[in-house]
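Student: Task: produce atomic coordinates for the following.
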Amino acid sequence: MGQNRGLYKPSVRAVRRFFVILLWIVVWQLASMAIGTDLLLAGPISTFTALVRDVVEPAFLSTVGFTLTRVMSGFILAFILALVLGILSASFSAVYEFIAPVLSAMKSVPVACIVVLLLIWIGSRNVSFVAVIFVALPALYFSVTEACSARDTSFDALLKTLRVSRIRRWLATTWPDLVPFLIASGKTCVGMSWKAGVAAELIGIPQGSMGDRVYQAKLLFDTADLFAWTIVVVLLAWASERLFLWLLASSRTWALNAACLSRPGDSQKVSKAAEIALHEVTVSFGELLVGPFEVNAPAGSRMVFTDPSGAGKTTALRILLGFERAYDGEVLRPKSPSCMFQTTKLVEDMSAEANLVLACDGLLSYSDSQALLLELLPASALDRPVRELSGGMRRRVELARALAVSSDAVLLDEPFSSLDDLTRKNACEFVLRHLQGRTLLVASHDEGIAALLKAYEDRVLAS
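Tutor: Numbers count the residues shown, from 1 in each chain. You can find the predicted model right below:
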C-alpha cells in the first residue's frame, strides 16, 4: 500500500498541474477573443503558430545560442566569484568590510542604468554577459556568506584535530553545508539572470540575439511573435534552473563520496605514546576563571576522570586537544591525538564505514573499517547513513573512529553514554584491545568505567 501511495501522489500532482495550466490557457484564449484583436492580446493559437514559425527558421538555434551562451557564462562566472569572495569574506573580516558595501550597492542599482553604462564601455555584443554578473553576483555572494556564518565548525575542527586533509574536510563539511543555501538562492538567481540578460539585449539590441528578436516584434507590433519569444525565454530559464539545481544537489553527494575515498596501499600506524600533563592550569570564561587543573599521565598510561558534573572533565580534555586556551599554567599536549566528543560529531549522510575512512584521511581500507566496526555493531548497520542509526550505535561508530585513527593518545569524553551494561562492557574491551600502547584519557560520569577497564586489562595480562 505504501508503494501505491508513493506512485499515486506524484501522478495526481502532475494531472492537477496539467489542468491548472490548461485552465489558464483557456482563460487566455477567452480574454483574447473578448478583446478581438491580436494586436493587443494574441491568443494561444496565434502564439503557438508564431512559435512554430520561429523554431523552424534556420537562424533560431544561432539566436538562442547567442543569448544562452552569454547568460549562462555570466551566471557561471558570477557563481564562481561569489564562492571565492564569500569564503574569503567569511574567513577574513577585512575582506568582508571591503567587498560587502559594493555588492550591497549593486543590489539596488537599476539594471537599465547599468546597461546604458555597459553599452558605452563595452558595446552591445557582450552587454548581457556583464549584466547577468551584475545581477547574480550580490545574491549569490550574500548567500555564501550567510551559509559560512551559520555553519557549525566544531566538526571541521574535530577532523582537523584528527589530521584529515584540508580538501577532504572541505568536501565532507564545508561544501555540503553551502549547498542548501546555494540551492535556495539559485531558485531565484537563475530566473533573474535571464531577465537581466534579455533586458540588456533589448536595450542594446545586439544583432542575432533573442533581445533583438523581441525588439523587432515590438517594432512590427507582432504581439504573437513577442509572446512566442517570451515563451522561449521562460522555457530556457526553467531548464537552466532545473539543471543548475540538479547539479548542486548532485554535487553534495559527489563531494561526500570523494571525501571518503580510500587510498590503497597505505596503512594506519600507531604513533609512539604521548606524555600528557596539566600543571596549575586555569581557563578564562570572561571574568570567570576555572581551575586549577592538574593532570599527569605518563606515556602509555590509562586514566579515567570520574569527577562530579561541572568539575571540569570536559574542559580539561578540550585544553589538551587545543580547543580551549589556558589562561595560566603549563600544558603538555599530545602531538597527534585522536578523540571523541561528548556530543555526536559524524557526517550524517555517510555510512559508518565511510566515517572511519574519512577520519583516517583515506589511509584505512573499507575492509579494515568494516572489520573494526563489526566488533561493535551488527553488519546491517555498517552501510546505512549514520543518521538512521540509534544514539547508542552512533556513539559506537565514534568510539571506533577514535581508535582507528593513528595517534599518540586517545581522549574520550563520555564514550559509553547511551550504552546498556553488556554493550558498555564490550566497548571497554574494544578500547583496550585496540589501544596498542597509546595513552588513554577517559572522562565519564560512570564510576564503574575505571573498574571495567582495569578488569579487562588485568584479564589480558593474566592470559
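Student: okay, CA-based contacts and neighbour counts for the rest of this
Tutor: Will do.
Student: for stretch 53-67, the distance to its chain's centre please.
Tutor: 38 Å (CA atoms, centre = their mean, to the nearest Å).
Student: Where does pLDDT dip in the stretch 201-350 of the chain?
Tutor: 264-271, 308, 310 (pLDDT under 70).
Student: just the helices in it please.
Tutor: Secondary structure of the stretch 201-350 of the chain, counting by DSSP state H, counting those that start in this stretch: helices at 210-219, 223-259, 313-321.
Student: Output the last one as PDB - backbone C-alpha positions only.
Tutor: Once non-C-alpha atoms are left out, helix 313-321 reads as follows in PDB (Å, rounded to 0.1, in the frame of the first residue of the first chain):
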ATOM      1  CA  LYS A 313      36.400  17.000  33.000                       C
ATOM      2  CA  THR A 314      35.400  18.100  29.500                       C
ATOM      3  CA  THR A 315      37.300  21.400  29.900                       C
ATOM      4  CA  ALA A 316      40.400  19.500  30.800                       C
ATOM      5  CA  LEU A 317      40.200  17.400  27.700                       C
ATOM      6  CA  ARG A 318      39.400  20.400  25.500                       C
ATOM      7  CA  ILE A 319      42.600  22.100  26.800                       C
ATOM      8  CA  LEU A 320      44.600  19.100  26.000                       C
ATOM      9  CA  LEU A 321      43.200  19.000  22.500                       C
END
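Student: now the strands for the stretch 301-450 of the chain?
Tutor: Ranges of strands within the stretch 301-450 of the chain are 302-305, 326-332, 337-340, 409-413, 439-443, based on DSSP state E, counting those that start in this stretch.
Student: what residues are up against the residue nearest to the spatial centre of the chain?
Tutor: The chain has P176 as the residue nearest its centroid, 1.5 Å off, counting by CA atoms, centre = their mean. By CA atoms under 8 Å, 6 or more residues apart in numbering, the residues touching P176 are 252, 255-256.
Student: Which of the helices or strands spans it?
Tutor: Take DSSP states H and E as the rule and P176 turns out to sit in helix 175-204.
Student: Distance from that helix to the middle of the chain?
Tutor: 19 Å.
Student: before we move on, the earlier item: give me the pLDDT for the residue nearest to the centre of the chain.
Tutor: Note on P176: pLDDT of 95.
Student: Equivalent analysis for I114, please.
Tutor: Reported pLDDT for I114: 88.
Student: how close does it get to S124?
Tutor: 12 Å (CA to CA, to the nearest Å).
Student: Same check on K313?
Tutor: Here the criterion is CA to CA. By it, K313 lies 68 Å from S124.
Student: before we move on, what about L332?
Tutor: Separation of L332 from S124 (CA to CA): 66 Å.
Student: swap in W238?
Tutor: 25 Å.
Student: Have a look at the two and say which one is more surrounded.
Tutor: S124 (20 against 16; other CA atoms under 10 Å).
Student: what about that one, helix or strand, and which?
Tutor: Going by DSSP H and E, S124 is not in any helix or strand.
Student: Report the contact partners of it.
Tutor: Taking CA under 8 Å, 6+ apart, one finds 118, 201, 204-206 in contact with S124.
Student: ok, and the most crowded of those?
Tutor: Busiest of those [other CA under 10 Å] is E201, holding 27 neighbours.
Student: The closest residue to that residue other than its chain neighbours: neighbour count?
Tutor: Spatial nearest neighbour of E201, chain neighbours left out: G211 (4.5 Å); criterion: CA to CA, 6 or more residues apart in numbering. G211: 27 surrounding residues under other CA under 10 Å.
Student: So what's the model's average confidence on stretch 420-427?
Tutor: Averaging pLDDT along stretch 420-427 gives 89.
Student: and it, which residues are buried?
Tutor: Residues 423-425, 427 are the ones in stretch 420-427 that count as buried (16 or more other CA atoms under 10 Å).
Student: So which of the contacts of P176 wins on neighbours?
Tutor: Sorting the contacts of P176 by how many neighbours each has (other CA under 10 Å) puts L256 first, at 23 neighbours.
Student: Tell me which residues touch that one, please.
Tutor: By CA under 8 Å, 6+ apart, the residues touching L256 are 171-172, 176, 350.
Student: Dump those residues into JSON lines; add distance to C339 as well.
Tutor: As requested, the contacts of L256 are exported to JSON lines (distance: CA to CA, whole Å):
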{"residue": "L171", "distance to C339": "21"}
{"residue": "A172", "distance to C339": "18"}
{"residue": "P176", "distance to C339": "23"}
{"residue": "M350", "distance to C339": "19"}
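Student: Sort out which one of these lies nearest A59 for me.
Tutor: Nearest to A59 out of the contacts of L256 is P176 (CA to CA; 42.0 Å).
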